[in-house]
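Asks: coords please:
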Amino acid sequence: RPDVGRAVPPGSRESREAAVRASAMESVARGVVAHGAAFSKHFAAFTLVAEDGALVADCVLAGKDGWDVDPLRDLCLALGLPGQTGNIEAGLERMALASTSAGDAPPETVEVDILRATRETLPSESRRPPDADVSVLHPAELRARRRTADPSGEWRTWRAGTAANSGADANGDDVSVPSSVERPSSPGSADAGASAARAAKGGRKKIKKDSRAAAFASLLIREFGRDALRAGAGVVDVAGGSGALSHELVTRWGVPSTIVDPRGDGVKVTSRHRRLFASRAANAAAIAADAGWSARSPLARHLLREWTGFGKAAHIKRSFDASGMRDASFAALLQNCSAIVGMHPDQATGALVDAALVLNKPFAVVPCCVFPESHPERVSRATGERVRTTAELVDHLRARAGSNPDGSDIARVAVLPCDGANVAVFCAKRDATEKAASPETGTLDWPWPSPPPGAPPPGPFRL
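Replies: Down below sits the predicted model:
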């Protein structure tokens, strides 16, 4: 797409038309670049100030807003933003703002006039003194010029590509400000089936298996909300294994998470994790190296918090079953958690869903193995026979959450963009009219405080 995230050549007819259009447009924000950095090939930020040094606006340039890699790199060089912008020497040779040539010295001042932009309000950080109403601009069109000897130099216009621009609200892709939310495939059984069909035909690019935890974490953020998941004791990750999902929640989204699994030793740090830690450390150092940026800019303080404030997932080595409610600390964790989730929790799948229903907690699970011989009580709604396939198990789990007055299931599904078992069943916290189980009587796979009437005694695999 030649028009995506590109600069308009100075002196061209398009440049003159852009100047005429800019003169007729009301400027969103205008100032000089005082601070900024290119943190990656997809993400950069800068701060505009007025002539007297007063803050004008914090701005973000993100790939998800239509800024392709090469134009974003060149724009960062044009704005004088240091960082990971590739071959700076080669970029400087291609850069030409106003009437300067490739061999000129770096500009003393870069003036920026933002013509079109969307606004994003960042969430406040309750664990530290918050910045009230932290607002960030995502420019879609801007013009810039160097101000050296001639303060009236020619403007050069830059535009994000309309084909790739998907808006800049707090529900964008991961290349936005790190409070934003990714959007996996839309929920709903019909949409999920269509998505699966497109994937089977090669109509959608699928991500690798080792990225499925990132896709599942993104769905949790989208459906339950980041602030809601941060509440209380955070997320309980059932049968979390090596902690891939918990790692995503804790280090990427700042959501506390506790792994409940009798196996392993919690999060296993991989080379991918180490690269993430190194990248965040480098980004935080870039902000710290720009003297005065964090003192002047709410965005810089927000980014520093996001890149330095993550902790580590906890790990409880035990099976996830109702007997844990006799343990005061484990019971308190479940009663105070924000959600109960699991990626391929195997034999703990039923207990995960039922515990969430009994305790009235949001849940999300990506079921995998069915274990039909261990669970003869699970019956398919479609056939009336024992559940034997993953698709039948997904439908059975949806039925456990109950139905709306119109007969539709309260629990929903979404297809994650990964290989293998990739259908997530999720349900938000239900109101009093939607509860399928009373606090006095447990469900089949979570017999607490007392077993449901007529429930068979638990077997060796009934976790």
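Asks: which stretches of this structure form helices?
Replies: 13-24, 69-78, 88-94, 189-200, 212-224, 226-230, 244-247, 253, 271-289, 293-296, 298-308, 328-336, 349-359, 390-400 (DSSP state H).
Asks: so can I have JSON lines of the ones you listed showing distance to residue 413?
Replies: Every residue, glycine included, has its C-beta placed from N, CA and C. Shown next, in JSON lines, are the helices of the chain (distance: least, C-beta to C-beta, whole Å):
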{"stretch": "helix 13-24", "distance to residue 413": "46"}
{"stretch": "helix 69-78", "distance to residue 413": "35"}
{"stretch": "helix 88-94", "distance to residue 413": "46"}
{"stretch": "helix 189-200", "distance to residue 413": "5"}
{"stretch": "helix 212-224", "distance to residue 413": "11"}
{"stretch": "helix 226-230", "distance to residue 413": "19"}
{"stretch": "helix 244-247", "distance to residue 413": "18"}
{"stretch": "helix 253", "distance to residue 413": "22"}
{"stretch": "helix 271-289", "distance to residue 413": "28"}
{"stretch": "helix 293-296", "distance to residue 413": "43"}
{"stretch": "helix 298-308", "distance to residue 413": "31"}
{"stretch": "helix 328-336", "distance to residue 413": "24"}
{"stretch": "helix 349-359", "distance to residue 413": "13"}
{"stretch": "helix 390-400", "distance to residue 413": "6"}
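Asks: how about JSON lines for those, with mean pLDDT added?
Replies: Listed next are the helices of the chain as JSON lines, based on pLDDT from 0 to 100:
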{"stretch": "helix 13-24", "mean pLDDT": "52"}
{"stretch": "helix 69-78", "mean pLDDT": "90"}
{"stretch": "helix 88-94", "mean pLDDT": "39"}
{"stretch": "helix 189-200", "mean pLDDT": "41"}
{"stretch": "helix 212-224", "mean pLDDT": "93"}
{"stretch": "helix 226-230", "mean pLDDT": "92"}
{"stretch": "helix 244-247", "mean pLDDT": "91"}
{"stretch": "helix 253", "mean pLDDT": "88"}
{"stretch": "helix 271-289", "mean pLDDT": "87"}
{"stretch": "helix 293-296", "mean pLDDT": "91"}
{"stretch": "helix 298-308", "mean pLDDT": "88"}
{"stretch": "helix 328-336", "mean pLDDT": "95"}
{"stretch": "helix 349-359", "mean pLDDT": "93"}
{"stretch": "helix 390-400", "mean pLDDT": "92"}
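Asks: so which of these gets nearest residue 155?
Replies: For the helices of the chain, the distance to residue 155 is smallest for helix 13-24, at 6.3 Å, taking C-beta to C-beta.
Asks: roughly how far apart are the closest residue in space to residue 230 that isn't next to it in sequence and residue 417?
Replies: Spatial nearest neighbour of residue 230, chain neighbours left out: residue 255 (5.5 Å); criterion: C-beta to C-beta, 6 or more residues apart in numbering. For residue 255, the distance to residue 417 equals 21 Å [C-beta to C-beta, to the nearest Å].
Asks: can you check residue 386 too?
Replies: 31 Å.
Asks: show me where pLDDT drops low in this protein?
Replies: Confidence mapping of the chain against pLDDT under 70 gives the ranges 1-26, 84-108, 123-133, 148-152, 162-210, 431-442, 454-463.
Asks: on that earlier part again, what's the residue nearest to residue 230 in contact with, if anything?
Replies: Residues near residue 255 by C-beta atoms under 8 Å, 6 or more residues apart in numbering: 220-221, 226, 229-230, 234-235, 249, 338.
Asks: Mark which of these are buried, thanks.
Replies: Buried subset of the contacts of residue 255 (neighbour count, 16 or more other C-beta atoms under 10 Å): 220-221, 226, 229-230, 234-235, 249, 338.
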